[in-house]
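Trainee: Sequence below, structure please.
(one chain, ligands or ions: 2)
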Amino acid sequence: MRFVKIHTKMFGIICYSYSSCHRLCSSLEVSEEVRQYLKTPTFDNWQWEDAEIMVLLQVMYTDLDFIPTFNIEPEVLQQFLFEIYRRYNNIPFHNFKHCFCVTQMMYGLIWLTDLRSKMDSIDLLIMLTSAVCHDLDHMGYNNAYQINARTELALRYNDISPLENHHCAVAFEILERTESNIFRNLSTDHTEFIMSTDCFRCILATDMSRHNEVLNKFKSILPVFDFTNKDHRDLMTILIKVSDISNEARPMEVAEPWLDCLLQEFFNQSDVEKLEGLPVTPFMDRDKVTKPSSQTGFIRFVLLPLFIELANLFPCLEVLKSKVWRKLFRGLVFVHTNKIRKD
Ligand SMILES: Nc1nc2c(ncn2[C@@H]2O[C@H](COP(=O)(O)O)[C@@H](O)[C@H]2O)c(=O)[nH]1
Ligand SMILES: [Zn+2]
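Mentor: Residues are numbered from 1 along each chain as shown. Ligands and ions are numbered 1, 2, ... in the order given. This next block holds a predicted model:
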């Protein structure tokens, strides 16, 4: 077997991978500097190759102490991550790098809000694993398309969150195989079944058509929020949702390329909708959408409300919230100035 040494000079990460398939072996060394950087929401995913990203995902499971706590064998974790890597498609936005970014934001939030002292580690394992699995085998066409085009997925799931149900099904396939089942040594208290059910609940909550329902439920428990109350585990669904859509809370040089990727996927879908004579999803139409118009509406009505509620519970998130406010303000100024120029 041939090993390739990947050496990133800037951050001092060293990993070894099989050159043919990016599969990792156990030899893994990541500098303390990288480990700390990985815990921050300013982390720049664009600096890393996929093989390195696989190592960084392992670091997250390791540094949250999941390996000894849940008796996860390193080879099983590697096999699990490799299967995850294989089951993300090479599409502009919903790809393996998106999976990593969402997981990294979740990881960052866990450290930033000191969740390790507030929640059970099993819930943290569920949140991180849900983030890893949340868009498995996304094909680049959203639920509206699946339903309007009467795709196999829409028929299989009776038009109910077809994509999210599919992501869960693929996650289940991976976890069903002993060699990639990271839950296989769990104690009877947290059986694989309970774990999978909780992960699926988190993944299903990422369906944007359920945004208001999930947010309103969280708002209703906020005034009496108690980390020890099992009924308040809806925090987990809010955290995965915010991790999923928070590119705009990242530095400009990270967020901008992500927006290009998203619009590329959106425009591709609307082009296909036009070709197939299907209803065209308005926010994906290249003839109607501009970057600032797309982002101001999204930040104002979707992202910011999430950060506002989360910052009520975790004042340390005020900084991220303000960053999102500033993005919105700049976007609104841009849209307004352009409108005046046109008039
Ligand atoms: N206009 C924007 N839409 C965004 C942005 N980030 C995410 N999104 C939308 O939310 C869903 C998230 O769900 P996913 O599980 O499919 O990733 C995504 O599909 C977009 O529709 C954004 O920055 N701007
Ligand atoms: Zn996603």
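Trainee: Am I right that residue 203 is in a strand?
Mentor: No: with DSSP: H, G, I helix; E, B strand; the rest coil as the criterion, residue 203 is helix rather than part of a strand.
Trainee: Return the residues of the stretch 1-150 of the chain in contact with ligand 2.
Mentor: By the rule C-beta under 5 Å from the ion, the part of the stretch 1-150 of the chain lying against ligand 2 is residue 135. C-betas here are computed from N, CA, C, even on glycine.
Trainee: For whichever residue of the stretch 51-200 of the chain sits closest to ligand 2, what are phi and psi?
Mentor: Closest residue of the stretch 51-200 of the chain to ligand 2, C-beta to the ion: residue 135 (4.3 Å). Residue 135 adopts backbone torsions of phi -130, psi 30, taken as degrees, to the nearest 10.
Trainee: Isn't it up against residue 167?
Mentor: Yes: with contact defined as C-beta atoms under 8 Å, residue 135 reaches residue 167; the gap is 5.8 Å.
Trainee: Any residues of the chain in contact with ligand 1? List them.
Mentor: 94, 134-135, 142, 206, 208, 244-245, 247-248, 259, 262, 294-295, 298 (C-beta under 6 Å from any ligand atom).
Trainee: Out of these, who's the most crowded?
Mentor: For those, the largest number of neighbours (other C-beta atoms under 10 Å) sits with residue 134, at 28 neighbours.
Trainee: Mind pulling the model confidence for that residue?
Mentor: Listed pLDDT for residue 134 reads 98.
Trainee: just the one 5 residues further on next, same as before
Mentor: You'll see residue 139 listed with a pLDDT of 98.
Trainee: mind listing what residue 189 touches?
Mentor: Contacts here follow C-beta atoms under 8 Å, 6 or more residues apart in numbering; on that basis residue 189 touches nothing.
Trainee: Tell me the spacing between it and residue 70.
Mentor: When distance is defined by C-beta to C-beta, to the nearest Å, residue 189 is 11 Å away from residue 70.
Trainee: cool, and residue 269?
Mentor: Residue 269 is 39 Å from residue 70, by C-beta to C-beta.
Trainee: now do residue 101
Mentor: 24 Å.
Trainee: neighbour count winner among these two?
Mentor: The residue with more neighbours, out of residue 101 and residue 70, is residue 101; 22 against 19, by other C-beta under 10 Å.
Trainee: Confirm that one sits in a helix?
Mentor: Yes: the assignment for residue 101, made by three-state DSSP, places it in a helix.
Trainee: Surely it and residue 45 touch.
Mentor: Yes: using C-beta under 8 Å, residue 101 is in contact with residue 45, at 5.2 Å.
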